[in-house]
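# Sharing a model that was predicted from the sequence below.
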Amino acid sequence: MPESIYPVFQPHLARMRRELAPQTEAAFLELSRQVFAEGTLSAKFKQIIAVAVAHVTQCPYCIRGHTKSALRHGATAEELMEAIWVAAEMRAGGSYAHSQLALAEIEAFSSVPHPVGET
């Protein structure tokens, strides 16, 4: 199997990140704890959302970590796959919706006479 383009977790780099900005890392970790805590949304549901978002942002570390966390919180494979399909539709939906930008340019270009070879 080919080597991954994504490096494996390296404790010394995590330590370096923490040492270079300790207060910021502490604030980030506290935000993460708060965001994923039980609340109006269950921790399970929040992790399922995180799996879907991780697929849209295409973060392999987030996909792995939040999938494991979602499973630990009781998510099923079916729930996770359904969330991933929602993410896929939302990602594709952006191209679909933004096609109006290209179509408006095509329409504007087509309504103006252009000499051959000029744009």
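Received the coordinates, thanks.
# What segments of the protein are helices?
11-20, 22-35, 43-57, 60-72, 77-110 (DSSP state H).
# any idea which of the ones you listed is most buried?
helix 43-57 (a mean of 20; mean count of other CB atoms under 10 Å). All C-beta spots, glycine's among them, are computed from the backbone N, C-alpha and C.
# Quickly note the distance from the residue most central in space within the chain to Ala102.
Centroid check for the chain by CA atoms, centre = their mean gives Thr57 as the closest residue, at 2.4 Å. Distance from Thr57 to Ala102, counting by CB to CB, to the nearest Å: 24 Å.
# Skipping its backbone neighbours, what lies nearest Ala83 in space?
Ala52 (4.2 Å; CB to CB, 6 or more residues apart in numbering).
# does that neighbour really touch Ala87, like I thought?
Yes - the pair Ala52 / Ala87 is scored as a contact, 4.0 Å apart, by CB atoms under 8 Å.
# picking that back up, how about the helices of the chain in a markdown table, adding distance to Gly117 and mean pLDDT?
Output for those, formatted as a markdown table (distance: least, CB to CB, whole Å; pLDDT from 0 to 100):
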| stretch | distance to Gly117 | mean pLDDT |
| --- | --- | --- |
| helix 11-20 | 53 | 95 |
| helix 22-35 | 54 | 97 |
| helix 43-57 | 40 | 97 |
| helix 60-72 | 45 | 97 |
| helix 77-110 | 14 | 94 |
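# and those as a markdown table, adding distance to Ser4?
Shown next, in a markdown table, are the helices of the chain (distance: least, CB to CB, whole Å):
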| stretch | distance to Ser4 |
| --- | --- |
| helix 11-20 | 16 |
| helix 22-35 | 24 |
| helix 43-57 | 16 |
| helix 60-72 | 8 |
| helix 77-110 | 20 |
